[in-house]
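> Just need the structure, nothing else, for what follows:
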Amino acid sequence: MTYVVTENCIRCKYMDCVEVCPVDCFYAGENFLVINPEECIDCGVCEPECPAEAIFPDSDDRSADWLEINTELSKSWPNMTRKGTSPVDADEWNGKEDKKAMLSKEPHKD
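Numbers count the residues shown, from 1 in each chain. Model prediction:
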């Protein structure tokens, strides 16, 4: 089992989860975070830290299709080891539906 980041993170990207991860398995795109499933140790400490409630175990129905996305994007995005700045409009996007089409596959830029 691993944990994966799902749709509600898109355009929210709060990054509270990054700070608690003991193995630094988060990777960042422009508007989304992913977990590298090969690095995740299944500790689950990130799940309750996510204000957008976008992190689930891969065995959860809500994570369907997201394991593949997390796996693919974690290979090309930069590793995040500490919390960065969330988008200024993150709270406006939290909880909105049908955000998958807005997922940018561009890596995070400093």
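> Tell me where this protein has strands.
Taking DSSP state E, the strands of the chain run over residues 3-5, 26-28, 33-35, 55-57, 79-80.
> Present those as JSON lines; the columns should include distance to residue 98 and mean neighbour count.
In this view, the C-beta of every residue, glycine as well, is placed from N, C-alpha and C. Rendered in JSON lines, the data for the strands of the chain read as follows (distance: least, Cβ to Cβ, whole Å; neighbours: other Cβ atoms under 10 Å):
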{"stretch": "strand 3-5", "distance to residue 98": "17", "mean neighbour count": "27"}
{"stretch": "strand 26-28", "distance to residue 98": "22", "mean neighbour count": "24"}
{"stretch": "strand 33-35", "distance to residue 98": "19", "mean neighbour count": "26"}
{"stretch": "strand 55-57", "distance to residue 98": "18", "mean neighbour count": "19"}
{"stretch": "strand 79-80", "distance to residue 98": "26", "mean neighbour count": "18"}
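> so can I have a markdown table of those showing mean pLDDT?
Output for those, formatted as a markdown table (pLDDT from 0 to 100):
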| stretch | mean pLDDT |
| --- | --- |
| strand 3-5 | 98 |
| strand 26-28 | 98 |
| strand 33-35 | 98 |
| strand 55-57 | 98 |
| strand 79-80 | 96 |
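> who wins for proximity to residue 92 among those?
With distances scored as Cβ to Cβ, the stretch of these nearest to residue 92 is strand 33-35 (17.9 Å).
> For stretch 76-86, give me every contacting residue.
Here stretch 76-86 makes contact (Cβ atoms under 8 Å, 6 or more residues apart in numbering) with 12-16, 18-19, 24, 26-29, 33-34, 107-108.
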